[in-house]
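S.K.: Take this sequence and fold it.
(one chain, ligands or ions: 3)
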Amino acid sequence: MTTLTLTRPDDWHVHLRDGELLAHTVPAMARYFGRAIIMPNLVPPAVTPEQAGAYRERILAARPAGSAFEPLMVLYLTEGTTADDIRRAKAGGFVHAVKLYPAGATTNSQSGVTDVSRVDEVLAVMAEVGLPLLVHGEVTHGHIDIFEREKVFLDTVLAPLVARHSTLRVVLEHITTGDAVDFVLAAPDRVGATITAHHLLFNRNHMLAGGIRPHFYCLPILKHGRHQTRLIEAATSGSPKFFLGTDSAPHARGAKESACGCAGSYTAHAAIELYAEAFEAAGALDKLEGFASFHGPDFYRLPRNSDTITLVKGDWDVPASYPFGQTEVVPVRAGEKISWQVVA
Ligand SMILES: NC(=O)N[C@@H](CC(=O)O)C(=O)O
Ligand SMILES: [Zn+2]
Ligand SMILES: [Zn+2]
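M.R.: Ligands and ions are numbered 1, 2, ... in the order given. Coordinates of the predicted model:
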């Protein structure tokens, strides 16, 4: 029997949604993740420390009995966010980052930022108190091709922002291109990136060749296979700048299987298992622990987890769907097999 034991991993980017959906999403995360950075793109978004604190309580209440899973909360940055919001967030202790959504870039980003120069004062306070900025790195202009929105964002928005704020820590979330890998590697150590399992395992052919498969539609959109190759190299390189962020983003089946489907792929049912497949295929299983369990806490200046989890090699059948409130969510690999499983 082939097994793999790792220091307990954390997820540095996940969507748990809210309300009755927490009864599904929180136990999935609590299965073996120690901590997770919880995205604040609720309706309405969690923009104040008080809203983030109330959301945290709802998540804690949804944990299975005996679970020590720790939600790390994030403030949603708007053009109305104040220096006082940032200072109170830092003082409260449970907010670990602030999220920049370019307005209109992705699911529930309407309240985001139209022009980053409008939040420069707030970014300066974040740098001062030591709260990292998490970035959905895509421009939103209609005339920019959807496959180029990440690269254009790096060139026109993020490079100047990182230069203007010389001590701000920045995580470029869910990177999808070789351009983003190059950007992060060339940037100072205070710039890191999360990489999803689905961007390691898939490229745009999986979504579009032989029929359009809406469950592969997420943002930033899956790219050409040559970008997938660069992401695999980055994740398995051992560089502390790259760490695990699933971006597990469930949407109801009907919202995905639609003439205008929502962006987001659900991977929380098998996150570390899917990463294990990707690292194994790259011949780099020995690099999984750094990526999944060390680089994230080191970047966030939190202690590494001290206990372990064990995965066993062997195919298991992924259900066609999981319950999701009144409806269901179709996970990545629905109705197919996954070749690793965490031992309960
Ligand atoms: N990644 C996605 O495609 N969707 C995310 C939002 C996000 O992370 O951009 C969601 O909340 O559904
Ligand atoms: Zn995003
Ligand atoms: Zn996300």
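S.K.: which residues in the stretch 1-150 of the chain form strands?
M.R.: 3-7, 11-14, 35-38, 70-76, 95-100, 133-135 (DSSP state E, counting those that start in this stretch).
S.K.: Dump the ones you listed into TSV; add distance to residue 300 as well.
M.R.: For glycine as for every other residue, the C-beta is placed from the backbone atoms N, C-alpha and C. Shown next, in TSV, are the strands of the stretch 1-150 of the chain (distance: least, Cβ to Cβ, whole Å):
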stretch	distance to residue 300
strand 3-7	15
strand 11-14	7
strand 35-38	8
strand 70-76	8
strand 95-100	6
strand 133-135	10
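S.K.: nearest to residue 45, of these?
M.R.: strand 70-76 (3.9 Å; Cβ to Cβ).
S.K.: what does this protein put close to ligand 2?
M.R.: 106, 136 (Cβ under 5 Å from the ion).
S.K.: in the chain, what residue is nearest ligand 2?
M.R.: Residue of the chain nearest ligand 2, by Cβ to the ion: residue 136 (3.6 Å).
S.K.: how about the strands of the stretch 1-150 of the chain in CSV, adding mean neighbour count and mean pLDDT?
M.R.: As requested, these are exported to CSV (neighbours: other Cβ atoms under 10 Å; pLDDT from 0 to 100):
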stretch, mean neighbour count, mean pLDDT
strand 3-7, 16, 98
strand 11-14, 26, 99
strand 35-38, 25, 99
strand 70-76, 23, 98
strand 95-100, 24, 98
strand 133-135, 26, 98
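S.K.: so which of those strands comes closest to ligand 1?
M.R.: Each of the strands of the stretch 1-150 of the chain has some distance to ligand 1 by Cβ to the nearest ligand atom; the shortest is strand 11-14, at 7.2 Å.
S.K.: that older thread, the residue of the chain closest to ligand 2 contacts residue 100, correct?
M.R.: Yes. Under the criterion of Cβ atoms under 8 Å, residue 136 makes contact with residue 100 at 6.7 Å.
S.K.: can you list contacts of the strand ranked longest in the chain?
M.R.: Across the chain, the longest stretch assigned as strand under DSSP state E is strand 308-317. For strand 308-317, the surrounding residues in contact (Cβ atoms under 8 Å, 6 or more residues apart in numbering) are 1-9, 32, 272-273, 276, 335-343.
S.K.: What sits closest to residue 196 if chain neighbours are left out?
M.R.: Nearest non-adjacent residue to residue 196, counting by Cβ to Cβ, 6 or more residues apart in numbering: residue 247, 4.6 Å away.
S.K.: now the one you found: how far from ligand 1?
M.R.: Separation of residue 247 from ligand 1 (Cβ to the nearest ligand atom, to the nearest Å): 5 Å.
S.K.: contacting residues for that residue?
M.R.: So, once contact is read as Cβ under 8 Å, 6+ apart, residue 247 ends up touching 13, 14, 15, 173, 174, 194, 196, 198, 218, 264, 265, 267.
S.K.: and the stretch 1-150 of the chain, which residues reach ligand 1?
M.R.: For the stretch 1-150 of the chain, the contact set with ligand 1 under Cβ under 6 Å from any ligand atom comprises 15, 41, 106, 107, 136.
S.K.: List the residues that contact the second one.
M.R.: Taking Cβ under 8 Å, 6+ apart as the criterion, residue 41 is in contact with 15, 76, 99, 101, 106, 107, 108, 109.
S.K.: do that again at 6 Å, thanks
M.R.: residue 108 (Cβ atoms under 6 Å, 6 or more residues apart in numbering).
S.K.: Look up how far residue 62 lies from it.
M.R.: Computed as Cβ to Cβ, to the nearest Å, the residue 41 to residue 62 distance reads 18 Å.
S.K.: How about residue 32?
M.R.: For residue 32, the distance to residue 62 - Cβ to Cβ - is 17 Å.
S.K.: mind checking how far stretch 158-178 is from the chain centre?
M.R.: Here stretch 158-178 is found 15 Å from its chain centre; the criterion is Cα atoms, centre = their mean, to the nearest Å.
S.K.: Stretch 223-236 now?
M.R.: 17 Å.
S.K.: for stretch 321-331, same thing?
M.R.: Centroid separation for stretch 321-331 versus its chain: 20 Å, with Cα atoms, centre = their mean.
S.K.: pLDDT value on residue 178, please?
M.R.: Model confidence at residue 178, expressed as pLDDT, equals 98.
S.K.: Also compute the angle for the longest helix anywhere in the chain relative to strand 70-76, please.
M.R.: Secondary structure assigned by DSSP state H gives helix 49-61 as the longest helix of the chain. Per axes from the mean of the first three to the mean of the last three Cα atoms, to 10 degrees, the angle that helix 49-61 makes with strand 70-76 is 150 degrees.
S.K.: If you count neighbours, what's buried in stretch 276-283?
M.R.: By neighbour count on 16 or more other Cβ atoms under 10 Å, the buried set for stretch 276-283 is 276, 277, 278, 279, 280, 282.
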